[in-house]
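Undergrad: below: sequence and its predicted model.
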Amino acid sequence: MAKAAMNDLLKRRMTASQQASELHTSNQAYEKLFREALPPGGVQICSLPLDKLVPFFTTDIGFRPYSPEQLRAFAEQLNEEGLLVRIIVRPMAAKDSYEILAGHNRANAARRAGWDVIPAEIVEADDARAIVIATSTNLIQRQNLSIVERGKTYRALLDAKNRHGQWYIEQDHETFGDNRQEFQSTEKEVFLERGRQRYNARKLVAEFFGVTEYEIRKAVKLTQLIPPLLDILETAPKRLNLACASLMADYDPEAQEAFIEMCSIEGFQITKAMMQHIVRKCPPPRADRQSLYAAWREARDKAIKRMTAPPKKITFNRKAFAPYLDDLGSDRGVEALFLEFLQERRNRRIMDESKRNEVDV
């Protein structure tokens, strides 16, 4: 087989594998998180008009589309090679309209390339499954997601899991009523087990995506920041680092407004020590703006004093003094000799200045 034909065959196999993995992975994620089989419904493969597609709007999953440069390159690739992996959509309530679950960049690149239609897989999905498809493909395929993007994605999954669990709680309440004493022992065990399964969502998400619960907590917490602070964190990390951002996220939105200006002043980067001082002076979640500014100025002044204060200790390169340490015996000997040298140098300078004054007279 010719090399070009072999490469084409391998590409088709990889494409088929990736296409299958998108839905397969999302199906696995759904069954893992919700502990139940997928709702019934098959997959329809067809070509859809691009003007019938709308971006995923069910919830914010932290999706950031390709830059214009990336999109231009992707559009050129589509015109040369065609679409390798179909997009995934679900029908909307409005007729002939579809919500994109996976493939926003593919759809945008196809529009840029001048296409009218795009190959797609249509799935019947409720909101919970739609969120799982959108988030799982995003997390697995886009390895360069920022911590904020990951946080929004994790949060969407956790919210979907918790809403799903709450629905079952309501169903249990309708079935068993308020009087739990009427439960049989087995029914009590079933109820408690359901509760345990519902509220370990973070653990399930961590296990499925191969991360720690701490990573998920840290990422999700950052999503509590107001949009201007999120923008600074993602576009200017030198002005706002993750440690400070995490502490700011403990405050309510109104209090967070004060931190925007603090992060914007040139030459005064807010540090973790400053934020810790602010938190001690103005405990979250609520704090008056003026109090926050006062605590920040106080922390900033302390930092300036520390930077301008003379060092408490003088250190030397031990290797440079190695040839002489044997004669001096100890570090104290070096210190004494150095002090003696400085004293003699000072006395010599005083004598020289005195002689110059006598000449001037």
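TA: Done, it's in. If you're wondering where the values come from, they're calculated on a predicted model, not measured in any experiment.
Undergrad: report the spatially nearest residue to the residue nearest to the spatial centre of the chain, omitting neighbours in sequence.
TA: Nearest to the geometric centre of the chain sits I147, at 1.5 Å (Cα atoms, centre = their mean). Computed as Cβ to Cβ, 6 or more residues apart in numbering, the closest residue to I147 that is not its neighbour in sequence is A219, at 5.2 Å. Yep, even glycine has a C-beta here, placed from its N, CA and C like the rest.
Undergrad: part of a helix, is the one you found?
TA: Yes. Per DSSP: H, G, I helix; E, B strand; the rest coil, A219 lies within a helix segment.
Undergrad: I'd say it and G151 touch.
TA: Yes. Using Cβ atoms under 8 Å, A219 is in contact with G151, at 3.5 Å.
Undergrad: how about the contacts made by the residue nearest to the centre of the chain?
TA: 218-219, 222, 242 (Cβ atoms under 8 Å, 6 or more residues apart in numbering).
Undergrad: out of those, what pair is the most spread apart?
TA: By the measure Cβ to Cβ, A219 and L242 form the most distant pair in the contacts of I147, at 9.9 Å.
Undergrad: more neighbours, these two?
TA: A219 (23 against 15; other Cβ atoms under 10 Å).
Undergrad: mind checking pLDDT for the more buried one?
TA: pLDDT recorded at A219 is 95.
Undergrad: show me where the stretch 201-350 of the chain has its helices.
TA: 201-209, 213-222, 227-235, 242-248, 253-264, 272-281, 289-308, 318-328, 331-360 (DSSP state H, counting those that start in this stretch).
Undergrad: so which bits of the fourth one are buried?
TA: This means helix 242-248. Buried residues in helix 242-248, defined by neighbour count with 16 or more other Cβ atoms under 10 Å: 244-248.
Undergrad: that helix packs against which elements?
TA: helix 213-222, helix 227-235, helix 272-281 (3 or more Cβ pairs under 8 Å, 6 or more residues apart in numbering; DSSP states H and E).
Undergrad: output the last one in PDB with nothing but the alpha carbons.
TA: If I follow you right, that is helix 272-281. Extracted as PDB, the C-alpha positions of helix 272-281 are listed here (Å, rounded to 0.1, in the frame of the first residue of the first chain):
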ATOM      1  CA  LYS A 272      -0.700  37.000  49.500                       C
ATOM      2  CA  ALA A 273       0.700  38.600  52.700                       C
ATOM      3  CA  MET A 274      -1.300  41.800  51.900                       C
ATOM      4  CA  MET A 275      -4.500  39.800  51.300                       C
ATOM      5  CA  GLN A 276      -4.000  37.900  54.500                       C
ATOM      6  CA  HIS A 277      -3.700  41.200  56.300                       C
ATOM      7  CA  ILE A 278      -6.900  42.400  54.700                       C
ATOM      8  CA  VAL A 279      -8.700  39.200  55.600                       C
ATOM      9  CA  ARG A 280      -7.700  39.600  59.200                       C
ATOM     10  CA  LYS A 281      -8.800  43.300  59.300                       C
END
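Undergrad: just the angle for that helix relative to helix 253-264, thanks.
TA: Taking axes from the mean of the first three to the mean of the last three Cα atoms, to 10 degrees, helix 272-281 and helix 253-264 form an angle of 150 degrees between their directions.
Undergrad: ditto for the shortest one
TA: Angle, helix 227-235 to helix 253-264, by the same axes, to 10 degrees: 40 degrees.
Undergrad: who does helix 227-235 touch, helix- and strand-wise?
TA: Counting by 3+ Cβ pairs under 8 Å, 6+ apart, helix 227-235 packs on helix 147-176, helix 242-248, helix 253-264.
Undergrad: secondary structure class for D60?
TA: Put simply, D60 is coil when judged by three-state DSSP.
Undergrad: which ones are touching the residue nearest to it when sequence neighbours are not counted?
TA: What sits nearest to D60 in space, not counting adjacent residues and going by Cβ to Cβ, 6+ apart, is K152, at 5.6 Å. Applying Cβ under 8 Å, 6+ apart to K152 gives the contacts 60-62, 223.
Undergrad: give me the low-pLDDT residue ranges for this protein?
TA: By pLDDT under 70, the low-scoring segments of the chain are 1-21, 165-199, 311-312, 314, 324-329, 356-361.
Undergrad: kindly recompute the last result at 80.
TA: Applying pLDDT under 80 to the chain flags residues 1-22, 39-42, 94-95, 141-143, 163-200, 266-268, 306-336, 338, 352-361.
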